[in-house]
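Asker: Structure, please.
(2 chains)
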Amino acid sequence: MEAILTRHLDQDNPQNLAAYQATGGYRSLNTAFDLKPEKIIETVEAANLRGRGGAGFSCGMKWRLRGADAPSPRYLVCNLDESEPGTFKDRYLLYGAPHAIIESVIVSAFALQAERAFIFVRGEYAKGGHRLIQAIREAETAGLLGRNLGGSGFDLHIDVHLSGGRYICGEETAQINAIEGKRPNPRPKIPRPSTHGLWGQPTTTNNVETLVNVPHILMNGAEWFRRLGINGGCGTKLFCISGKVKHPGVFELPCGTPARELIYKHAGGLDNDERTLLGFLPGGASTPFLLPQHLDVPMDFDPVAEAGSRLGTGSLIILDDTTCPIETVLNLTRFFARESCGFCTPCRDGLPYLVQILNAIATGNGSADDLALLDELCSTIATQSFCAFAPGAVMPLVSSLKDFHEHYEQHIITQRCPFDASRKEAV
Amino acid sequence: MDTFLIDGQSVTFEPGENILQAALEADIQIPHFCYHAALGSLGACRLCAVEINPKDSDKNARVVMACLEPAQKGLEVSLSAAAAQQVRRHVIELLMINHPHDCPICDEGGECHLQEMTVACGPSYRRYRGNKRTFPNQDLGPLIHHEMNRCITCYRCTRFYQDYALGNDLGAMRLRNEVYFGRFQDGPLENPFAGNLVEICPTGVFTDAVFRQHFARTWDLKTAPSICPHCSVGCNTLPGARDGTLRRVRNRAHQELNRWFICDRGRYGHQYSEHNTRPLSPRVSGINTDYRSALAAAARKIQAAAERTGGIGSVREDLEGNVMLRSLLNDLKGIFTAFNDPELEAATLTAVSRMQELDNTPHLAALEQIDAALITGDLTVHAPMIDLALRQAWRNGAKLAMLHSSVAPLTQFASTAATVAPREIHDMLTQLYRQISRQPETNDAVTQTIKTIAATLSQARQPLMAGVVETSTAQDIIALAELAKAFEPAAQLIYVLPGPNAYGAALLSAAGDTVSLLKAVERGEVQTLIVAGSDPFSEPRSGARWRVARQKINTLIVLDCIATATAEAADILIPVAAWPERSGTFVNYEGRAQGFSTVFHRPEYLPSTADIISEISRLLENQLCDAASMLQDSFPGFQAPTPGTPGVQISAQHLPIRNNELMQTEPYSSDNGWQAALTSWLGDEPLAGFSPALTELAPPDTALINPESAARASLKSGSSVRLWNSVYSVETCVQINPSVANETIAIPRSMLVRLGIGHGDSLNLEQLV
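Answerer: Sure, this is the predicted structure:
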């Protein structure tokens, strides 16, 4: 397989401009500038490049739907606010290949005819953010950014916005508020950010990994890109594997690679060979569990959805049979309760309620009615919250109520955690 | 109009309305928290869940938020559907997780929206077994009490405070279920509309700290429709009293004036009526007596003086009181005026005559729609709710241009603002007029400011000219009116008048009577002076003259409800009812007459001004009819508007349009030294000055000077100076403030009074070592 996303990656000494150009960097600019913006969008759509930030929406379609006649100024936001537990792929791109990000933003902004782009970087990635700023300065000095960049007649200014640091800032509209200097609460989705985004202007937000594919698609064509995938997937994907495996890490592999291959071949299998797989989260913390019977599901958007979960960010979190799934769900729910922006009631007050119940169960204080109560609360939280945060937050919990029902019952009946009796708390 | 159905009931809606708006207008109560008519939809609380039946029977019904779902023709909405009820019950359950069960001791109890919603939607019992979250509270100053544990995070407070009132010292901090609504650190809220938090908060986080000191349950309060007496806007209020004392004032919606909000002076100024210096017993020659004796004494003195009686009505006295006093003086053939100061009389009469002439003075709701304005002076203090309406216009994109001599908080929203010394405003306005009518004189050095303002106004669909009478001369007022006329018929004109009934007082006044009366008093031609609801001794420019002339008066009779300097000096002091204790009529800046009701009676007998004058007249045996008939005489066809109704435009003959001859007093001295400017703050108003909660917030008395002028005079912040004019002097210290015009010393009213000078008068400064 041809590595495209990780081609220029060097975590310790990322390439400077000269080295990046010497190894083929920035060549897509000339390809792009020779094309009409609509043609680029058409190619990206034909390549079936789907959003790598979690939703999996067609990138080309998103660009096309914004419309070529969107009023100026138009903005492009590159979302590098990677905060999903278990997800650490964008960090590799940021630290390892800042110029690849800049090149992608330039050609994407050209396709969208956006005169200003923002790269929203997770606050904890400050060092990477500074590397990126340095690279932008290099590119500006070389005339690859700014007015009439590369002699194309196209103007682009890139700003790096280092996040104040909250999970919710990764949500598209909350991120727009954050860039505007406001409290990062999500905004209503109508009117859409594509027409009324930053400062009320047309704004397109894409995950950084999504954008980094674009130069390669332009240079090699849509068909080439589609063929990079297997089992119906298109292109390659950065998979993160963490949890109870021998070699956790980031792996660039074809879209559609089965979970079994990811876990047992690339990540080296479970870290203790005597253990068996209990289950895994396929796409980061806010996706439903998959079980051992799903190991042969191709890790691509549609097959994972058919299996009842979401590919999300393609970040697998592996649980073996020594891991208490209730403790895991409690841990995740606690994270989401902590990261709720506090805007809408179901999320703000519902998630801590779930934490309270889960904690009671996990520490041997659960009651017989708790499972029904969890189910009841999740039904409102998942459907009546303002943004997509809370529905995602309860996904592992909702699926665990079904997949690990026996574990829950065991905790409640025995009034202790079967994995670790020391967790028992006095009421 | 199109309709949709809520549980089978037909509801009409305007295009663009959502289901919740349309339902509330049709008086169908869909439970809600974060939606507010003034603030619109937010979608945060998730309480207004309703079910929408699908058009196709094969689709499922969906639960949506009524505040976010556009009303559509033929939509079938169900409030009672089980799925919608379950969402509402869950939302209440979640909100009550952390809400303290302190209703029995909570100030909001009985008028708590959360209480009502919980009873309407919620589970009666608690399932949550965990601990409640607790917050520390903040000291937000003397007006508002903070109790954050009660918060249900509906964001109404910050949306009102930041988005609507454009304040910046209250915000949402932190996240998750720990969102904290407060200030960065303890301290009084700075926005002049902060008191509305008390009403906009759906539960007891922000409560009225003044009411709290002397609390009563809402169901025990006596209320009746009233009108705010603290400025000329005439906001509608609902005072609440119990056991013969006034406890609080709340907003009462008027569709064209104050719809949801009032200013902090209107809400907290009422403490004057409970002030411990308030005169409650008649006093003759310093000795407390009863009304019968006091009125008999007053009648004797008036009878003895006959035509050598003078009368001063007031801009804060109701129409009835003023008209009765004027009628009495007419009968006696003495001089009546409703003003204390000749210049203020000239300015007010000019302003009213010009508003009558242009006949395009907008109400507050219309003000929010203007697209450009030229404002001279400080609206924030002199008419806070006009300021709030213009903040809405600014939010809608209106361009505000401001000319001001001293501090004017609205300048932070001005597209163009210039500091202009008081005596140069007229020249600025004249230059603007020439620029707009394209006849600049060749020797006019037209500044960029003038060009910008002229362009702003010329490009506007509906430019507004707004001036403040108290800090304008009659000439300034004429100049602003001429500017408005240059834009006729589009232009709108507002003058903020110097009192709640200044418009009515002007209609009852003849130009020049104030100076005639003052001079007559100075010449010893007035033996008995009746002052009703006025304080001539505390008038900045003429107060000193009145105080001296008082020696020539045999008997000073004062009718008032506050202990003014004039009342303190009265030979016969007759206390009258405060506004919530009587009924009457005020005419606001638009000429809108509005009635107010008696809310309650104090234990003491306290008649109204009109009643007292009627009684004196009976004792004098020259029977005046009742106030209603006297009003009929002055304003043919006038029917006093019923309290609680929107009021009526007062039908009166237009005051004569006068030009320069209105200036009766000596012109300003022509030296080029310092000019005095009035700098005010929210509590700077005769009644509110007796409200301890407001006066606690008064800024220190200093002399404000701008950095350049201070540097030229080698003054620094904190420099001790003596300010003096020909007769009086005061010592104070300097504070540097860039909002003050060049060569101008901005000082508070009290200092102007002590110096015996007015806004724009000359002043000398001497640095003390």
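Asker: Tell me the secondary structure at the residue of the stretch 201-350 of chain B found nearest chain A.
Answerer: For the stretch 201-350 of chain B, the residue closest to chain A is B:Pro202, as judged by C-beta to the nearest C-beta, at 12.7 Å. The C-beta positions use only the backbone N, C-alpha and C, and glycine is treated the same way. Following DSSP: H, G, I helix; E, B strand; the rest coil, we place B:Pro202 in the coil state.
Asker: B:Ala253 and B:Ile30, how far apart?
Answerer: Look at B:Ala253 and B:Ile30: by C-beta to C-beta, to the nearest Å, they are 20 Å apart.
Asker: Spatially nearest residue to B:Thr642 (excluding sequence neighbours)?
Answerer: Spatially, and ignoring its direct neighbours in sequence, B:Thr642 is nearest to B:Gly595 (5.7 Å; C-beta to C-beta, 6 or more residues apart in numbering or on different chains).
Asker: picking that back up, B:Ala253 and B:Ile30: which is more packed in?
Answerer: Neighbour count, other C-beta atoms under 10 Å in any protein chain shown: between B:Ala253 and B:Ile30, B:Ile30 has more, with 23 against 12.
Asker: quick one: pLDDT of the more buried one?
Answerer: Here the pLDDT value assigned to B:Ile30 is 95.
Asker: Quick check: residues of chain A near chain B?
Answerer: Residues of chain A lying near chain B by C-beta under 8 Å from any C-beta of the partner chain: A:166, A:168, A:183, A:188, A:337-346, A:348-353, A:356, A:360, A:373, A:376-377, A:380, A:383-386.
Asker: What ranges does the stretch 1-150 of chain A have for its helices?
Answerer: Assigned by DSSP state H, counting those that start in this stretch, the helices in the stretch 1-150 of chain A fall at A:17-22, A:27-33, A:37-46, A:59-66, A:89-96, A:98-112, A:126-141.
Asker: tell me how far the longest one is from the chain's mean position?
Answerer: Okay, so that is helix A:126-141. In terms of C-alpha atoms, centre = their mean, to the nearest Å, the centre of helix A:126-141 is found 22 Å from the chain centre.
Asker: What is the burial count for residue 395?
Answerer: With no chain named, the answer covers chain A. For A:Met395, the count of nearby residues is 25 (other C-beta under 10 Å).
Asker: right idea, wrong chain: chain B
Answerer: Neighbours of B:Arg395 using other C-beta under 10 Å come to 13.
Asker: and the gap between it and chain A?
Answerer: As defined by C-beta to the nearest C-beta, to the nearest Å, B:Arg395 lies at a distance of 14 Å from chain A.
Asker: for B:Ser10, same thing?
Answerer: Taking C-beta to the nearest C-beta as the measure, B:Ser10 falls 26 Å from chain A.
Asker: B:Val407 too?
Answerer: B:Val407 is 28 Å from chain A, where distance means C-beta to the nearest C-beta.
Asker: is it true that that residue touches B:Ile747?
Answerer: No: using C-beta atoms under 8 Å, B:Val407 makes no contact with B:Ile747, being 11.4 Å away.
Asker: Comparing those two, which shows the higher neighbour count?
Answerer: Per other C-beta under 10 Å, whichever of B:Val407 and B:Ile747 has more neighbours is B:Ile747, with 27 against 21.
Asker: Which residues does the closest residue to the more buried one other than its chain neighbours form beta bridges with?
Answerer: Computed as C-beta to C-beta, 6+ apart, the closest residue to B:Ile747 that is not its neighbour in sequence is B:Ala703, at 5.3 Å. When assigned by DSSP bridges, B:Ala703 has beta-bridge partners B:Val734.
Asker: Up against chain A, what does the stretch 51-200 of chain B have?
Answerer: For the stretch 51-200 of chain B, the residues in contact with chain A (C-beta under 8 Å from any C-beta) are B:63, B:65, B:68, B:86-87, B:90-91, B:94-95, B:97-98, B:127-130, B:152-153, B:155, B:171-172, B:174-179.
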